[in-house]
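[1] Predicted model and sequence follow; I will ask about them next.
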Amino acid sequence: MDKSTARRLPRLEFEPLIYGTVTLMTVFIVSTDDGINDFGDAASVVIGPMVASALAHLFATVLGHVKHHRSLPTRGEFADDAWHSAQFLLLTIVPLVLLSIGRATGWWSAATTLDTVADLGLLFLLVVGAVSGWHVARRPWLGAVVGAGAAALIGLVVTVMNLVVEHH
C-alpha cells in the first residue's frame, strides 16, 4: 500500500475504543447482576450504550468545534468526526457475534457471554495500554509495562465496582 492510499484509509483511535470498552464492562457488570439471561436483552445492553456513546461523542465534538472555530465543521471535518465517533460501534461486533453463536448453538448463556466479553475487555485494555506505552516511551519495554499497568488499574476499578454491586 502506498502512502496516498494509507492517508485515505480511516485510522482507528484508542480514545473511543478505551471509553467504549470501560463503558461496556461497567454496563455488563450491572446488567449481569440484574440477571439478564435473554439474548435479546443482552444484545440491547451491548448496542444501546454504544449507540448513545457514539451520538453523544459526535454531538460534543461538533459543539467543541463550533465553540473553538465559531463555525460548523466542514464536510471533511464532520466526516472525520463521524468516523471517530462511529468507532464506539466497532466494540459491539465481538459481543454480538458471541451472543449470536450462543443463541444459535446453546453452548453458553447470555449472562456468560457478557461476563466473558467483560473479561476480554480487560485483556483489550491491557493490550492497548501496553501498545501505547511501547510507542511513547524512550524505553519501549518499560513503557509497555507502565501502559499495561495503567490499564490494569482501570480494570481493577471496574472489578472493585463489580464486587460492590454484587454485594450491595
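    It's in.
[2] Tell me where the longest helix sits in the chain.
    helix 39-69 (DSSP state H).
[3] Secondary structure element holding Val27?
    helix 14-33 (DSSP states H and E).
[4] Also Val131?
    Residue-wise, Val131 maps onto helix 110-136 under DSSP H and E.
[5] Kindly provide the whole-number mean pLDDT of that helix.
    Averaging pLDDT along helix 110-136 gives 88.
[6] With stretch 62-71 instead?
    94.
[7] Leu63 versus the residue in the chain sticking out farthest from the centre, what's the distance?
    Most distant from the centre of the chain: Arg70, at 30.8 Å, with distances by CA atoms, centre = their mean. Separation of Arg70 from Leu63 (CB to CB, to the nearest Å): 12 Å. Glycine gets a C-beta too; all of them are placed from N, C-alpha and C.
[8] what does Asn37 give?
    39 Å.
[9] ditto for Val160
    For Val160, the distance to Leu63 - CB to CB - is 33 Å.
[10] Low-confidence ranges, this structure, go.
    1-10, 162-163, 165-168 (pLDDT under 70).
[11] and the helix holding Val27, which residues are buried?
    16-18, 20-29, 31-32 (16 or more other CB atoms under 10 Å).
[12] That helix relative to helix 39-69, how many degrees between them?
    Angle, helix 14-33 to helix 39-69, by axes from the mean of the first three to the mean of the last three CA atoms, to 10 degrees: 150 degrees.
[13] could you say what helices and strands helix 14-33 packs with?
    helix 39-69, helix 75-90, helix 110-136, helix 140-166 (3 or more CB pairs under 8 Å, 6 or more residues apart in numbering; DSSP states H and E).
[14] Now with 10 Å, please.
    Contact partners of helix 14-33 among helices and strands, from 3 or more CB pairs under 10 Å, 6 or more residues apart in numbering; DSSP states H and E: helix 39-69, helix 75-90, helix 93-105, helix 110-136, helix 140-166.
[15] mind giving me CSV with these and columns for mean neighbour count?
    Below are the helices and strands packed on helix 14-33 laid out as CSV (neighbours: other CB atoms under 10 Å):
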stretch, mean neighbour count
helix 39-69, 16
helix 75-90, 16
helix 93-105, 16
helix 110-136, 19
helix 140-166, 15
